[in-house]
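Q: this is the structure alone, sequence omitted:
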């Protein structure tokens, strides 16, 4: 987490349009939330512990539809203004470490879904992605300012409550309510804070690398939960721990949640759409969300422009899990499906690079190119660097930025160190440029010279790509060349004519290839 001293230093490199607060660094949130079966209104109290340097106000994102009942610091009431989705708090003179407490109530318009699950039972589930935490929690609702957090949730005793981190306390209050206290001791971004309150079947199904694994599913779906989560969770957790580094949090809980599709990677407490819990393993979905615990959660993008550092990484590491568990053929099939998806997506998203340019509309923070092309960029980087250097680079990137924020420039720097080469051209053409290359090519065999002659031409509009291209000749023979011009010819010695020459036989190149015998 960036401390006050570095806030001004990094401000100049941030690009999205969120209004940051130089001189303010939140270190911890303590949220007290009261839930009820009589109303959808919640009552809350948020204590915000932060460092401040040279500031007279604290700004918190908080939906205008929520009512602020008061703000205090050390028991003293503070002046505040709540409008336009921001809570401005006047700060008295004081030291570097500060704390304010906000008391509030209201019915969230978003961020916290209150309503029935697929079985008709009342439930409460947070849905903070990407900037909806502000709908029910007063906080800095942007990934640049990570903080530890805790939830003390009071709810009717028939509910079980799950949240980030470790369970600290459960206390029956004697009036039909129970208070449940969870604490997250590792700094996380705002959207990763989560609570779920429902009638759950809770199953603790093992410990991996010292971390407890559990499933929280609706009682009607207990057997489905076992089938959906157990094996995929064990496989993905073990692979990622070995490939990347130690798991960053205190537990890993899979939670069946109402109100969403797919999954949401909340730190240590992953929410899955209720209909995704079936009688078969959710292998790829589980691997994707678990991969986020390392990339997106622990190493978090500093800026929404760099959201590929979350989604592109989770997409590629899902494929790597597939390669580890199911084998190379399954991995290559996944890569080819992803490549076809990128080509199709680009026709619908013209002029759209992977990295955003000064993102201002949060409805556009995600598109499938960020997932699929972002993942393919990592695959091509692996092909360029070699597997060993790539893996060491990934592990070092995680070591350096675990629990912190990172940018694409940070990732590039680490990979350059391990690859022993400049990579600016690579990151520019695959992440900052829209589109992918299109290659037309032919081959022929010159019997007199005993040569295979290959001609290639880049036909896409715009600048030429710098490409590493492989050709499969006789048997297992593979030749690798670099193409950095519009047209190029390559010649290889061959004692006899091959039955066929293949382009990209090992699936390393993202693009459209037309190739035939002359």
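A: Cool, the structure landed. No experiment lies behind these values; they were computed from the predicted model shown.

Q: only C-alpha atoms from now on, for both contacts and neighbour counts.
A: Noted.

Q: check which helix or strand the residue nearest to residue 268 when sequence neighbours are not counted maps to.
A: Distances taken as CA to CA, 6 or more residues apart in numbering put residue 252 closest to residue 268, at 4.7 Å, once the chain neighbours are dropped. Residue 252 is located in strand 251-257, with elements delineated by DSSP states H and E.

Q: for that strand, packing partners?
A: strand 211-217, strand 269-273 (3 or more CA pairs under 8 Å, 6 or more residues apart in numbering; DSSP states H and E).

Q: tell me how far stretch 181-194 lies from the chain's centre.
A: Averaging C-alpha positions (CA atoms, centre = their mean, to the nearest Å) puts stretch 181-194 15 Å from its chain's average.

Q: hmm, back to that, can you report how many residues lie near the residue nearest to residue 268?
A: Neighbourhood size, residue 252 [other CA atoms under 10 Å]: 26.

Q: ok, back up a step: next helix or strand past the strand holding residue 252?
A: Strand 251-257 is succeeded, C-terminally, by strand 263-264 (DSSP H and E).

Q: and that following strand, average pLDDT?
A: Averaged over strand 263-264, pLDDT sits at 98.

Q: also stretch 375-388?
A: 98.

Q: ok, and what's touching that stretch?
A: 311-316, 335, 338-339, 390, 419, 430-431, 468, 508-510 (CA atoms under 8 Å, 6 or more residues apart in numbering).

Q: where does pLDDT dip in this structure?
A: 1-14 (pLDDT under 70).

Q: try it again at 80.
A: Counting by pLDDT under 80, the chain shows low-confidence ranges at 1-15.

Q: domain ranges for it?
A: 1-15+24-110+123-193, 300-432, 438-517 (automatic domain parsing).

Q: the spatially closest residue to residue 308 that is not a sequence neighbour: neighbouring residues, count only.
A: Spatial nearest neighbour of residue 308, excluding adjacent residues (CA to CA, 6+ apart): residue 370 at 5.2 Å. Counted with other CA under 10 Å, residues neighbouring residue 370 total 27.

Q: wasn't residue 370 part of a strand?
A: No. Under DSSP: H, G, I helix; E, B strand; the rest coil, residue 370 falls outside any strand and is assigned helix.

Q: who's in contact with it?
A: 307-308, 311-312, 354-355 are the contacts of residue 370 under CA under 8 Å, 6+ apart.

Q: which one of these has the most neighbours?
A: That'd be residue 308 among the contacts of residue 370, by other CA under 10 Å, with 29 neighbours.

Q: and the helices in the stretch 201-350 of the chain?
A: Using DSSP state H, counting those that start in this stretch, the helices of the stretch 201-350 of the chain run over 222-243, 283-294, 308-326, 328-348.

Q: let's verify the spatially most distant residue from the centre of the chain: helix, strand, or coil?
A: Distance from the C-alpha centroid of the chain peaks at residue 448, with 56.0 Å (CA atoms, centre = their mean). Three-state call for residue 448 (three-state DSSP): coil.

Q: what number of residues lie near residue 93?
A: Every residue meeting other CA under 10 Å relative to residue 93 is counted, giving 10.

Q: mind checking which helix or strand it is in?
A: Here residue 93 is assigned to no helix or strand, by DSSP H and E.

Q: tell me how far it lies from residue 54.
A: 10 Å (CA to CA, to the nearest Å).

Q: try residue 32
A: Taking CA to CA, one finds residue 32 at 29 Å from residue 54.

Q: neighbour count winner among these two?
A: residue 32 (20 against 11).

Q: tilt between the strand holding residue 252 and strand 269-273?
A: 20 degrees (axes from the mean of the first three to the mean of the last three CA atoms, to 10 degrees).

Q: phi first, then psi, for the closest residue to residue 483 other than its chain neighbours.
A: Residue nearest to residue 483 in three dimensions, not counting chain neighbours: residue 467, with 5.1 Å by CA to CA, 6+ apart. Main-chain torsions, residue 467, degrees, to the nearest 10: phi -130, psi 140.

Q: repeat for the one 4 residues further on
A: Here the main-chain torsion angles of residue 471 (degrees, to the nearest 10) amount to phi -120, psi 130.

Q: that one touches residue 479, doesn't it?
A: Yes. Contact status for residue 471 versus residue 479: in contact at 5.2 Å, counting by CA atoms under 8 Å.

Q: which residues touch residue 135?
A: 62-63, 66, 108-112.

Q: closest to residue 457 among those?
A: Distance to residue 457 across the contacts of residue 135 (CA to CA) is lowest for residue 111, with 50.6 Å.

Q: tell me how many other residues surround that closest one.
A: 21.

Q: residue 456 now?
A: 20.

Q: wait, a strand at it?
A: Yes. Counting by three-state DSSP, residue 456 is part of a strand.

Q: mind listing what it touches?
A: Taking CA under 8 Å, 6+ apart, one finds 439-442, 487-489 in contact with residue 456.
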